[in-house]
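Student: the following comprises the amino acid sequence and a computationally predicted model.
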Amino acid sequence: MNQSSQNRRRALQTLGLTAGAALLNSKTSGMNVSKKPNQAFKYSLNMSTIRGQKLGFIKEIQTAAAAGFTSVEIWLDTFQVFLQNGGSTIEAKKVIEGLGVTVENAIGFAEWIVDDEEKRKDALSQLERQMDLLAKIGCHRIAAPPSGATGLPVIDLDVITERYRAILELGNRSGVIPMAEMWGGSHNLKTISQVLYVAAASGHKNALILLDAFHIYKGESSLESLPFVGKSAIEVFHINDYPTGISPNKISEPDRVYPGDGIAPLKQMLQLIKNPEKPIVLSLEVFNETYYKQDALQVAKTGLAKMKAITEGI
């Protein structure tokens, strides 16, 4: 049996696919904000949502906390600017813990997936440094999107699998888990099935995938793929919405809007990924230029209210 066949068999064994195990809930409640947080989800603010206001690392965390978020996703470039300007991981952790906030994940763009061996070697060194920094502030996940490989050629999934396993092993040292992130506009890791295959075929106990409502639409993944995502494979989900009238091949990042303000079947998505054993981190990730012109605190508050409304009754 060749390596490709072995990987594919390992993927199927790990997946343990049970189609129909998760069913759509046909009854949904109104859009009023719940008086109590939905225990199935943790509400997180991805700093992309207020990135345009250019607040800086500490102010972003403070804004999220003031809006009512207890979880955040940080961007590594903003964090590194903070460190370069004299900040420290000790100071950052003190602020984060003092505000009662958990850093659930970090957004970075190391090119771990590319064919260029030197670039990939540099990316692993970059990831190792980033993971060490994140561990010091209590963050135990990092996004691993197909940066640098969004165009052609399409890389064989078994090759991607080996490269993903390599960064999972790297994460063992720091306790920071890289999540294989799907980008709907990429030629590689474009669909749910692709990131799911890579995670499963890796055969690694820490393998995780990172999905996004926008990218599910952009990459034209079917909602029927979501029931195949094992409950242990997803811990963070990027929530957002998109307007009507824009096709998947035309829609772009700035078109994202607040949950509930578009046509995304969010309640169906959330019902399918809901995990009865532990809450899923729902992280608001939008890049809306209109929101960037508004007060950051108001944007964060509005986003949280709309997240709670969309999860009502799930």
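Tutor: Yes, it's here.
Student: so what's the spatially most central residue of the chain up against?
Tutor: Centre of the chain computed as the mean C-alpha position; nearest residue by C-alpha atoms, centre = their mean is L210, 4.3 Å away. For L210, the contact set (C-beta atoms under 8 Å, 6 or more residues apart in numbering) comprises 105, 143-145, 179-182, 195, 234, 236-238. The way it works is simple: take the backbone N, C-alpha and C, and place the C-beta from them, glycine included.
Student: so it, which state does it fall into?
Tutor: Put simply, L210 is strand when judged by DSSP: H, G, I helix; E, B strand; the rest coil.
Student: what does Q39 give?
Tutor: Following three-state DSSP, the label given to Q39 is coil.
Student: could you do the one 5 residues further on as well?
Tutor: Look at S44: counting by three-state DSSP, its state is strand.
Student: quick one: neighbours of it, just the number.
Tutor: Close neighbours of S44, defined as other C-beta atoms under 10 Å, add up to 27.
Student: dump the contacts of L210 to TSV, plus secondary structure and pLDDT.
Tutor: TSV is the format used below for the contacts of L210 (DSSP: H, G, I helix; E, B strand; the rest coil; pLDDT from 0 to 100):
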residue	secondary structure	pLDDT
N105	strand	98
A143	strand	98
A144	strand	98
P145	coil	98
M179	strand	98
A180	strand	98
E181	strand	98
M182	coil	98
V195	helix	98
I234	strand	96
V236	strand	98
F237	strand	98
H238	strand	98
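Student: which of these ranks first by neighbour count?
Tutor: Counting by other C-beta under 10 Å, V195 has the largest number of neighbours within those, with 34 neighbours.
Student: for that residue, what are its contacts?
Tutor: Contacts for V195 (C-beta under 8 Å, 6+ apart) come out as A180, E181, M182, L189, I209, L210, L211.
Student: ok, the second one to K301 distance?
Tutor: By that I understand E181. Distance of E181 to K301, computed by C-beta to C-beta, to the nearest Å: 27 Å.
Student: nearest to A135 among the contacts of V195?
Tutor: Nearest to A135 among those is L210, at 18.7 Å by C-beta to C-beta.
Student: show me what that closest one is bridged to.
Tutor: Legend: beta-bridge partners of L210 under DSSP bridges are E181.
Student: residues of the lengthiest helix in the chain that come out buried?
Tutor: Longest helix of the chain, by residue count under DSSP state H: helix 117-136. Residues R120, A123, L124, Q126, L127, E128, Q130, M131, L133, L134, A135 are the ones in helix 117-136 that count as buried (16 or more other C-beta atoms under 10 Å).
Student: which residue ranges form the helices in the stretch 1-150 of the chain?
Tutor: For the stretch 1-150 of the chain, helices defined by DSSP state H, counting those that start in this stretch occupy the ranges 3-15, 57-67, 76-84, 89-98, 117-136.
Student: what helices and strands are in contact with the second one?
Tutor: If I follow you right, that is helix 57-67. When contacts are defined as 3 or more C-beta pairs under 8 Å, 6 or more residues apart in numbering; DSSP states H and E, helix 57-67 sits against strand 71-75, helix 76-84, helix 89-98, helix 296-311.
Student: who's in contact with it?
Tutor: Contacts of helix 57-67 (C-beta under 8 Å, 6+ apart): 45, 47, 50, 55, 72, 74, 78-79, 81-82, 87, 92, 95-96, 99-101, 296-297, 300-301, 303-304.
Student: which members of the residues you listed are classed as buried?
Tutor: Among those, those classed as buried by 16+ other C-beta under 10 Å are 45, 47, 50, 55, 72, 74, 78-79, 82, 87, 92, 95-96, 99, 101, 296-297, 300-301, 303-304.
Student: how far off centre is stretch 284-294?
Tutor: Chain-centre distance of stretch 284-294: 17 Å, with C-alpha atoms, centre = their mean, to the nearest Å.
Student: low-scoring pLDDT stretches of the protein, where are they?
Tutor: Counting by pLDDT under 70, the low-confidence segments of the chain come to 1-38.
Student: hmm, try it at 50
Tutor: 2-5, 7-35 (pLDDT under 50).
Student: redo the helices and strands packed on helix 57-67 as a markdown table? Include distance to T290.
Tutor: Shown next, in a markdown table, are the helices and strands packed on helix 57-67 (distance: least, C-beta to C-beta, whole Å):
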| stretch | distance to T290 |
| --- | --- |
| strand 71-75 | 20 |
| helix 76-84 | 21 |
| helix 89-98 | 29 |
| helix 296-311 | 10 |
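Student: for stretch 202-213, how far is the first residue from the last?
Tutor: Taking C-alpha to C-alpha, to the nearest Å, stretch 202-213 runs 24 Å from one end to the other.
Student: distance from the chain centre to that stretch, please.
Tutor: Remark: stretch 202-213 is offset 10 Å from the chain centroid, using C-alpha atoms, centre = their mean.
Student: mind listing what's buried in it?
Tutor: S202, G203, H204, N206, A207, L208, I209, L210, L211, D212, A213.
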